[in-house]
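1. sequence and predicted structure are below.
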Amino acid sequence: MMKRRDYGACSRIRAGLALVIALIISTPLLPGRDAPQVCGWRPRIHEEVIETHERSVRLLRQNGELRLRTVTDAAPLARDVGDVAILGDGEGVVVRANSYTLRNRSLRFEPVAGSVGAYRVTQSGYSFEDNAGGETLQLGDDDSTRIQLPFSFQFFNSIYSEFYLNSDGNITFGEADGESAARSLGRTVSGPPRIAALFVDLDPSQGGTVQVATGAGRVTITWSAVPEYRSFGSGPAQNAQIRLFDSGVIEIALGNSEPSEAVVGIAPGRTQGSTKLVNFTNLNQDVYEGAVLERFGGGGSLDIIRAAQRFYETHEDSYDYLVFFNDLGISAGSGALASETTVRSYTLGNGDENFDSGYRYGSPARLQAVMNMGPLSQYPSDPYARVGQRGLITGDNTMTLLGHEAGHLFLALASIRDPLNPSARPLLGSQNAHWNFNFNSEASLLEGNRIIDHGPGAVPRFRTAGTVEGYSPLDQYLMGLRGPEEVPPTFLVTRSSIGGSTFPQSGVGIDGERRDVTVEEIAAAEGRRTPDHTVAQRFFRFAFVLVVPEGTAPNQAQIEKVEVYRQEFERYFNRVTGGRAFADTGLRRAVNLTGFPATGRVAGQVADSFLSLKQTAQEPLTFVLRSGGLAASVPAEVTVPAGEWRVAIPIAGKAAGVDDLVIEPQDSRYETLLAKVAVAGDARDLILRAYTTGASVMMQILDRNNVPYPGLRVTAKVEGEGSVDAAVKAADEFGLVVFQRRGPGLFRAALELDESVGVTLPGLE
């Protein structure tokens, strides 16, 4: 069998060594790499979070440990100390560690006949081949070797003639993975296509053997007695084996060992397909078309869905972000300082997909993201002091990390395309969710660097000159805070001497070539940013929550620490967005405006939007209204009467444009809203979008930013045989209108103001 070293991986190792030398010269001695230092965010992390939560809930219910609270319970689920919420860790808020259960067991992943890229998984007893033999490889720590296959091997939807054997108990296809980042679910799913026998930090340089053997129609890869990495000495020895068959069958055998933590299973890579977290000791006949994995060990973790549910049992749905710190020593993920999970995504053009899982978190309408900041103890009291090993390298502090995680609601998934590899995202680096080290991100909080180009004759041509300074102009465009005309061109260093997943670092020389990048090119690849900067949300509400052991109270120093972060973040967020966005971190009662964050009108039209509360007002509650006055007009104030929960706000369109609308309560216990009023100069600027096509036809009146336009009248008819329940209907406060139709004739609907804006649907059968 032919084998050859992956020289691309070697060049990355050499570049990494050069960077380490630079770090030794310029910074204090760094702690071990097992200290948390990465961001745990990755594409489609929300699916993994849901899977973890549902599995935890099933176990809690089986054990009788999950119950519904009643109003007679003496101990509150959550309590507030000023504007910091305190939450106990009981009733499922903390997920128990998943104990390793695959000792002396084997798994078989068998392709499903007639279904390309789908697998069934079965488990058998012990089948580790102690004497598989073959060639012994000289692998170092975090090392990779390219192996030629003696047959074509289909893995999910692709066929491969080679694979990369990585020292950390796994093989990958298409590219090596010798990174020293956390061996996490996120890395497993978002990295290259992977078969993880025992994806844990193994160090073959400290002992054991790694072998590859070729038999009749199969290849066997064995890690035998290879110890886990430790900063000093070596860890427990591990045994794992992968067997690849020319039929496409994969077998994973685990020997007589037990890892401290590990990921086991298969993944198509690059976040393709769904991710299923399973219990390999309790399998069924399910068919898996995406990643199928089990995560072992790692200590307890925070179930952010359960934590959010408990928070909302005593707080209203008044927040765009929930920010969790904990006093439990629980990390945000394997090797992660912090992590964001998107709950609702409505934005187009930033590389993300649209979804809404807010109901799972206990938020009917508002919550957009949860930030798990991990243990409070890992952050210095000074919000601008560097944080841990990461801070020594990147300059990150508590504020930059809060800004980093908040930014993940919109960043960083957008990229230009490589015409030679359409699936690649050249601007992205770590986990395909952060800017590439070699991208001049203008010192974005989402990684990348500020890079100086000294010109073609310079050696090195490029040098990094700044990190984590704020949200760059491109960031702000993707966040909806800038128009494309306000984003200057930037560049990517291609053929770089430094790996794209490297942490940001000032003062690093880079050899490579310049590839200019414009926002127009990104928009061409990802689509128009919708909603755009004229109407996108700019005022965000954050709730800061400290999770503590159930039945205990945090000490005053902890409260003061979170309070400092909370107050400072309001100033910091406004500064790093260039004054274009605002954070409100107070705990307030909810105020809702239909259509929030933007509602639309046609010039000359008046329609009602509704201001609502979560509970009826105990006494009259007055709100002061202010608008720019150029595009729209609103009354000076409105009052929710005692015993009522909402009030109409008549909003008039005056002229084409967009106005801010500030809604400020006279009672400071309620939140202030900052919304937008978009005014179309002509009905032809609108669209009538049909969501259903059956007997009940639901339509919505929108503009190109998906802003709803209430109050406009829609006409409908059935041509030929058939009828509708009404000839004309007015859209409700959400711009929605529903017609009931009968018969086989064509259904036509249009705006009464302009019949050119309409929809036509085929007749019913």
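-> Done, it's in. Numbering: from 1, shown residues only.
2. low-scoring stretches of the stretch 251-400 of the chain, by residue?
-> 298-299 (pLDDT under 70).
3. show me where it has helices.
-> Here the stretch 251-400 of the chain has its helices, by DSSP state H, counting those that start in this stretch, at 304-312, 388-394, 398-407.
4. now those in TSV, with mean neighbour count and distance to residue 56?
-> C-beta: built from backbone N, CA, C; applies to glycine. Below are the helices of the stretch 251-400 of the chain laid out as TSV (neighbours: other CB atoms under 10 Å; distance: least, CB to CB, whole Å):
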stretch	mean neighbour count	distance to residue 56
helix 304-312	25	7
helix 388-394	21	28
helix 398-407	25	22
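5. distance of the closest residue to residue 636 other than its chain neighbours from residue 675?
-> Closest residue to residue 636 apart from its sequence neighbours, by CB to CB, 6 or more residues apart in numbering: residue 625 at 6.3 Å. For residue 625, the distance to residue 675 equals 10 Å [CB to CB, to the nearest Å].
6. which of those two has more neighbours?
-> residue 675 (23 against 18; other CB atoms under 10 Å).
7. quick one: mean pLDDT for whatever helix or strand that one lives in?
-> Following DSSP states H and E, the helix or strand that holds residue 675 is strand 673-680. The pLDDT scores in strand 673-680 average 96.
8. which other helices and strands contact it?
-> strand 591-593, strand 598-602, strand 646-653, strand 657-665 (3 or more CB pairs under 8 Å, 6 or more residues apart in numbering; DSSP states H and E).
9. need the winner for burial among these.
-> strand 598-602 (a mean of 26; mean count of other CB atoms under 10 Å).
10. quick one: buried residues of the following helix or strand past that strand?
-> Going down the chain from strand 598-602, the next helix or strand is strand 606-613, by DSSP H and E. Of all the residues in strand 606-613, those buried under the rule 16 or more other CB atoms under 10 Å are 607, 609, 610, 611, 613.
11. nearest to residue 718, of those?
-> residue 607 (27.5 Å; CB to CB).
12. how about low-confidence regions in this protein?
-> 1-36, 62-78, 131-132, 298-299.
13. try 50
-> For the chain, the stretches with pLDDT under 50 are 1-32, 68-76.
14. per-domain residue ranges of it.
-> 76-94+300-409+538-587, 105-297, 430-526, 591-680, 684-761 (automatic domain parsing).
15. circling back to that earlier point, just the buried residues of strand 606-613 now: which is nearest residue 712?
-> Nearest to residue 712 among the buried residues of strand 606-613, with distances taken as CB to CB, is residue 607, at 7.6 Å.
16. residues contacting the closest one?
-> 601, 650, 651, 709, 710, 711, 712, 733 (CB atoms under 8 Å, 6 or more residues apart in numbering).
17. please apply the same query to residue 368.
-> Contacts of residue 368 by CB under 8 Å, 6+ apart are 320, 321, 342, 343, 344, 345, 409.
18. and the two most separated of those residues?
-> Going by CB to CB, the pair spanning the contacts of residue 368 furthest: 321 and 345, at 13.5 Å.
19. can you pull out the helices in the chain?
-> 7-26, 45-62, 185-190, 304-312, 388-394, 398-407, 473-478, 519-526, 556-576 (DSSP state H).
20. which of those helices sits closest to residue 746?
-> Of all the helices of the chain, helix 519-526 comes closest under CB to CB, at 35.8 Å.
21. buried residues in the closest one, which are they?
-> Buried residues in helix 519-526 (16+ other CB under 10 Å): 519, 522, 523, 525, 526.
22. what comes into contact with it?
-> With CB under 8 Å, 6+ apart as the criterion, helix 519-526 contacts 349-351, 414-417, 427, 474, 477, 484, 487, 489, 529.
23. if you set the cut-off to 6 Å instead, what comes out?
-> 349, 351, 414, 416, 417, 477, 484, 487 (CB atoms under 6 Å, 6 or more residues apart in numbering).
24. same question for stretch 531-551.
-> With CB under 6 Å, 6+ apart as the test, stretch 531-551 has contacts from 84-90, 319-327, 480-483, 554, 562, 566, 581-585, 597-598, 658, 674, 676, 678, 705, 707.
25. also stretch 460-470?
-> Contacts of stretch 460-470 (CB under 6 Å, 6+ apart): 394-396, 400, 443, 445, 449-454, 493, 504, 506, 508-511, 576.
26. of the residues you listed, select the buried ones using a ChimeraX command.
-> Selection of buried members from those for ChimeraX, criterion 16+ other CB under 10 Å:
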select :394,395,396,400,443,445,449,450,451,493,504,506,508,509,510,576
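27. which ones among the contacts of stretch 460-470 map onto strands?
-> Here DSSP state E is the test, and these give 449, 450, 451, 452, 453, 493, 509, 510 as lying in strands.
28. now, the most widely separated pair of those?
-> So, the ones in strands among the contacts of stretch 460-470 by CB to CB: farthest apart are 450 and 509, at 14.1 Å.
29. quick one, strands of the stretch 151-300 of the chain?
-> Using DSSP state E, counting those that start in this stretch, the strands of the stretch 151-300 of the chain run over residues 158-166, 170-172, 194-199, 209-215, 218-229, 234-245, 250-254, 261-267, 275-277, 291-297.
30. if I look at residue 673, how far off is residue 611?
-> On the measure of CB to CB, residue 673 and residue 611 end up 8 Å apart.
31. residues shared between the contacts of these two?
-> Shared contacts of residue 673 and residue 611 (CB under 6 Å, 6+ apart): residue 593.
32. which residues does stretch 477-493 contact?
-> Counting by CB under 6 Å, 6+ apart, 350, 410-411, 414, 438-440, 462, 473-474, 476, 510, 512, 514-519, 533, 536, 577, 580-581 sit against stretch 477-493.
33. which of the residues you listed are buried?
-> Here, 16+ other CB under 10 Å leaves 350, 410-411, 414, 438-440, 462, 473-474, 476, 510, 512, 514-515, 517-519, 533, 536, 577, 580-581 buried among the contacts of stretch 477-493.
34. out of the ones in strands among the contacts of stretch 460-470, which is nearest to residue 110?
-> Nearest member of the ones in strands among the contacts of stretch 460-470 to residue 110, counting by CB to CB, is residue 493, at 44.0 Å.
35. gap between the closest one and residue 515?
-> Taken as CB to CB, the span from residue 493 to residue 515 is 8 Å.
36. kindly report the same for residue 226.
-> 40 Å.
37. and residue 98, by the same measure?
-> Counting by CB to CB, the gap from residue 98 to residue 515 is 43 Å.
38. repeat that for residue 324.
-> Taking CB to CB, one finds residue 324 at 39 Å from residue 515.
39. tell me how far stretch 666-673 is from the chain's mean position?
-> 30 Å (CA atoms, centre = their mean, to the nearest Å).
40. start and end of that stretch, how far apart?
-> 12 Å (CA to CA, to the nearest Å).
41. so for it, what gets flagged as buried?
-> In stretch 666-673, counting by 16+ other CB under 10 Å, buried: 670, 671, 672, 673.
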